[in-house]
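**Student:** just coords:
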């Protein structure tokens, strides 16, 4: 049982960034949860008997240390009960002459089956089985061993067993429970008593009419070898309905006699055998071979010599999972052996009489049949022929090649999970990962720093893998990928085949033809011309041309040349990021992001400095200052608004790529890799620079817009909308139809709205931009209203009606522009103050302090008291006593501020969600297509400049169809 533990990890990034005017970015931190697992401690298990008391088991060893899962999702522990049976059959049914790999003589801490290891490693690590008392203990179980009449009054004895308990050990313990022998570690006489009995695996059914009285009739019997593991044998298969299975303790001679009689009867009658003998040394899952171990101390001597020869010959055999189909009856094995000999050269003219049965086994195992329902890799070149296999089958959707090894040196982290072990010196512990999902094309992804080739070309990032492709790992291993599930849908001609013999290379350019794919110079030129002039959103470059390419894109965007669409620079830069993430090495993307962010920041800083130098307050003395107009502000702010829009979309795109990189690293078990951590830190720094660019462009934009608004807002308090008897405009009216006093303020709002629309600014940033403008307008007008009531009569009903009308006209116009909800939210306090002044005098005199506080909750006690105390009731009339604040509000009135603070503005929150950039499908914008073609030809020129003069070529031209 695995227990998942969620860990929150990740470096702190996107914290609060403070604006020069108090703005800050509250960016949500995106962390990647990691899953962990722990091995459960083995529970204490007691053995019981049908007629004796219980006996506690031996103490179990401490559980293994914490193991962190290397893949996201449900993962099964190695060696579990539901593990691959193909890996375990060859270890269990070895007879009396073999042991089970993974014992104390081998590196047991890895807990890997012997079928996942190389044969020489197993042969070198073989050691005699240790004494019974020192054997490792696995999670135990209880086996019922029937005595078959050994003792009266007892049908069976319950014996404690573990996955490491052998049949001989259980025989000794069962005899002790029956009272026929002493402890398993007794004297020589007791050892002879153990040798006289054998443990049998019996299959039978209750006798007719015996379901109620427990009568038993055994029909099939197999004698277990002394070194076999009965608890594991019991887990391999279950009896069919109507049948039952149990372990019986019989005399060794009697058991052998019954076994031979049942076998002879089955051969004579031609029916099914009365015993089952799973074949040995035929199972190989993923890449390992069958376990080889020396016989234990309790092994029988009759089969020891024969099995030793068999083990020595099996060292050079290649096995695969497909050989599991060779299991069957002994009679059919003989037929296959004869068939194998008949295929040998000269078998038709001479009769071959084998002298050694092991020769037949070797020939039979060399007849490998490829699997028909699983992808596999065919070895074309290996490192050591005596150890490498011919076929490597994918037993999981995700298959990992590597050298494996013990725990990593990085803080004792567990070794990476590997499906196929390759022992060449240039193979990394986790070399590459192949994923073959039946619903998607297969992909291969090399690990960082792993030399991998795909059809002869160096592979740096993930690529599709088709049946027939060649996959090279390091300098020694070469595989061919095959997938029987695909059938005939793969390419008819592998891409690595050379040119057809009958095809003549076109023209004198045959020397420049690609000898890997067989394409001539003309064919390659046509493909290059199609790329240079094509409309696909692809921009290929080499790392050495990266700086020149990024600089050209940023300079073009800063100069406003080329008539690019508003988000054109972000699209071109995203194509560079996409090419680096897909085609270049793993460590290239962080460096590209850092360089890209620095170039954008430098360009924005230069633009901000230019705008500041052109402001009237920075002109030399004697030059009159001209007020800013909405048109002039719009022209000045357009470059900054464009960079804000492009940087926002580019940041969202970069975040997606970084999250993909973190997810892939976590799936491949590379989370604690120091190089990966360094790459993520570099990405965080680059994204922090992009955050800073967005922050500063937003701050500068709202600064110049509010600076222009500051000189136009007082007209809302002073202008009279009823002048000239003109009819007031309705909702959705044009700017020219508005009263003259409102046009400057509405002109600034309209210029800002058009600017954000032309620059295609993200809708969330558009809302926040106008939210800040409305916040500033509300605070500025309310402060002016509070200030004017102190010096002269201003708070009176007639003036309040004019202000209310102007404010309603502004809100109606903003409603028609789609900004009504935001405006109502931020103009609420000003609207509440004006509503108070618009209350008729007679109604206001009847109101009390409590009722006024309830009707105007957005006003503070100090602001409400200020408006009431300065309200013009008439000559010589002061405020009534009912307007006096309550004692509970007196402190707030005396100490409160009547003016609004400009520092309480809403925070800047960056947009969430995916980027709006579309990098799929052909490029439809003509200006963007022209710029893409120009950059491609620029990269072609840079590549040609590195060649000698006599090797340079002009840009190819595609031939017309």
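**Tutor:** Sure thing, it's come through. Keep in mind the model is a prediction, meaning the values are calculated, not measured.
**Student:** what does the biggest strand by length in the chain rub up against?
**Tutor:** Counting residues, the longest strand found in the chain (DSSP state E) is strand 197-206. Outside strand 197-206, the residues that touch it by C-beta atoms under 8 Å, 6 or more residues apart in numbering are 145, 167, 170-171, 174-175, 214-224, 230, 233, 239, 242-252, 255-256. (Glycine included, C-beta is placed from N, CA and C.)
**Student:** Write the ChimeraX selection for whichever of these are buried.
**Tutor:** In ChimeraX, this line selects whichever of the contacts of strand 197-206 come out buried by 16 or more other C-beta atoms under 10 Å:
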select :145,167,170,171,174,175,216,218,220,221,222,223,224,230,233,246,247,248,249,250,252,255
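**Student:** the strands in the stretch 351-500 of the chain, which residues?
**Tutor:** 376-381, 391-393, 398-402, 420-421, 432-435, 442-446, 452-454, 457-458, 463-465, 470-473, 477-482 (DSSP state E, counting those that start in this stretch).
**Student:** out of the ones you listed, which comes closest to residue 920?
**Tutor:** With C-beta to C-beta as the measure, strand 463-465 is the member of these nearest residue 920 (16.7 Å).
**Student:** For that closest one, which strands pair with it and how are they oriented?
**Tutor:** As defined by DSSP bridges, the strand partners of strand 463-465 come to strand 442-446 (antiparallel).
**Student:** buried ones in the strand it pairs with?
**Tutor:** Applying 16+ other C-beta under 10 Å to strand 442-446 flags 442, 444, 445, 446 as buried.
**Student:** and the residue nearest to the third one when sequence neighbours are not counted, how many neighbours does it have?
**Tutor:** Sequence neighbours aside, residue 462 is the residue nearest to residue 445 in space, at 4.1 Å (criterion: C-beta to C-beta, 6 or more residues apart in numbering). By other C-beta atoms under 10 Å, 17 other residues sit near residue 462.
**Student:** now do the one 3 residues further on
**Tutor:** By other C-beta under 10 Å, the residues close to residue 465 number 22.
**Student:** Same list (the strands of the stretch 351-500 of the chain) but as CSV, adding distance to residue 676 and mean pLDDT.
**Tutor:** Shown next, in CSV, are the strands of the stretch 351-500 of the chain (distance: least, C-beta to C-beta, whole Å; pLDDT from 0 to 100):
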stretch, distance to residue 676, mean pLDDT
strand 376-381, 27, 92
strand 391-393, 28, 91
strand 398-402, 17, 92
strand 420-421, 23, 90
strand 432-435, 15, 92
strand 442-446, 14, 91
strand 452-454, 18, 91
strand 457-458, 21, 86
strand 463-465, 20, 89
strand 470-473, 21, 94
strand 477-482, 25, 93
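**Student:** Include distance to residue 733 when you put these into CSV, please.
**Tutor:** CSV is the format used below for these (distance: least, C-beta to C-beta, whole Å):
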stretch, distance to residue 733
strand 376-381, 74
strand 391-393, 76
strand 398-402, 64
strand 420-421, 75
strand 432-435, 62
strand 442-446, 60
strand 452-454, 66
strand 457-458, 66
strand 463-465, 59
strand 470-473, 70
strand 477-482, 70
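**Student:** mind checking which of these is nearest residue 808?
**Tutor:** Nearest to residue 808, of all these, is strand 442-446, at 62.3 Å by C-beta to C-beta.
**Student:** angle of the closest one against strand 398-402?
**Tutor:** On the basis of axes from the mean of the first three to the mean of the last three C-alpha atoms, to 10 degrees, strand 442-446 is oriented at 30 degrees to strand 398-402.
**Student:** so what does the helix or strand just after the longest strand of the chain touch, helix or strand wise?
**Tutor:** Counting by DSSP states H and E, the next helix or strand C-terminal to strand 197-206 is strand 216-223. On a contact count with 3 or more C-beta pairs under 8 Å, 6 or more residues apart in numbering; DSSP states H and E, strand 216-223 meets strand 197-206, strand 244-251, helix 252-269.
**Student:** about what we covered before: right, and the strands of the stretch 351-500 of the chain - which one's nearest residue 893?
**Tutor:** Across the strands of the stretch 351-500 of the chain, residue 893 has its closest neighbour in strand 442-446 (69.7 Å, C-beta to C-beta).
**Student:** I'd like to know how far residue 245 sits from residue 218.
**Tutor:** Applying C-beta to C-beta, to the nearest Å, the value for residue 245 to residue 218 is 10 Å.
**Student:** One more: residue 650?
**Tutor:** According to C-beta to C-beta, residue 650 stands 76 Å off from residue 218.
**Student:** Likewise for residue 873?
**Tutor:** Counting by C-beta to C-beta, the separation of residue 873 from residue 218 is 115 Å.
**Student:** for residue 170, same thing?
**Tutor:** Distance, residue 170 to residue 218, by C-beta to C-beta: 19 Å.
**Student:** same deal with residue 661?
**Tutor:** Counting by C-beta to C-beta, the gap from residue 661 to residue 218 is 62 Å.
**Student:** if we can go back for a sec, the helices and strands packed on strand 216-223: which one's closest to residue 929?
**Tutor:** Closest to residue 929 of those, according to C-beta to C-beta: strand 244-251, at 73.5 Å.
**Student:** elements contacting that closest one?
**Tutor:** Strand 244-251 is packed against strand 141-146, helix 167-178, strand 197-206, strand 216-223, helix 230-236, with contacts defined by 3+ C-beta pairs under 8 Å, 6+ apart.
**Student:** Residue 932 should be in a helix, yeah?
**Tutor:** Yes - counting by DSSP: H, G, I helix; E, B strand; the rest coil, residue 932 is part of a helix.
**Student:** okay, the closest residue to it other than its chain neighbours: pLDDT?
**Tutor:** Nearest in space to residue 932, with sequence neighbours left out and distances taken as C-beta to C-beta, 6+ apart, is residue 923 at 6.2 Å. Residue 923 is assigned a predicted lDDT (pLDDT) of 92.
**Student:** how many neighbours does residue 923 have?
**Tutor:** Neighbourhood size, residue 923 [other C-beta under 10 Å]: 21.
**Student:** Could you look up the SS state of it?
**Tutor:** Using three-state DSSP, the structure places residue 923 in coil.
**Student:** who's in contact with it?
**Tutor:** Contacts of residue 923 (C-beta under 8 Å, 6+ apart): 535, 536, 537, 929, 932.
**Student:** Does the first one touch residue 928 like I think?
**Tutor:** No - taking C-beta atoms under 8 Å as the contact criterion, residue 535 and residue 928 are not neighbours in contact, 9.6 Å apart.
**Student:** Comparing these two, which shows the higher neighbour count?
**Tutor:** residue 928 (21 against 14).
**Student:** Tell me if I am right that that one is in a helix.
**Tutor:** Yes - secondary structure of residue 928 (three-state DSSP): part of a helix.
**Student:** residues in contact with the nearest residue to residue 427 once chain neighbours are set aside?
**Tutor:** Nearest residue to residue 427 in three dimensions, chain neighbours excluded: residue 403, at 4.5 Å (C-beta to C-beta, 6+ apart). Applying C-beta under 8 Å, 6+ apart, we find residue 403 in contact with 418, 421, 422, 423, 424, 427, 428, 429, 431.
**Student:** Show me the two of these that sit farthest apart.
**Tutor:** 418 and 424 (13.5 Å).
**Student:** These two: who's more crowded?
**Tutor:** Between residue 418 and residue 424, counting by other C-beta under 10 Å, residue 418 is the more crowded of the two (23 against 16).
**Student:** Verify the stated contact: that one with residue 401.
**Tutor:** Yes - taking contacts as C-beta under 8 Å, residue 418 lies within contact range of residue 401: 7.2 Å.
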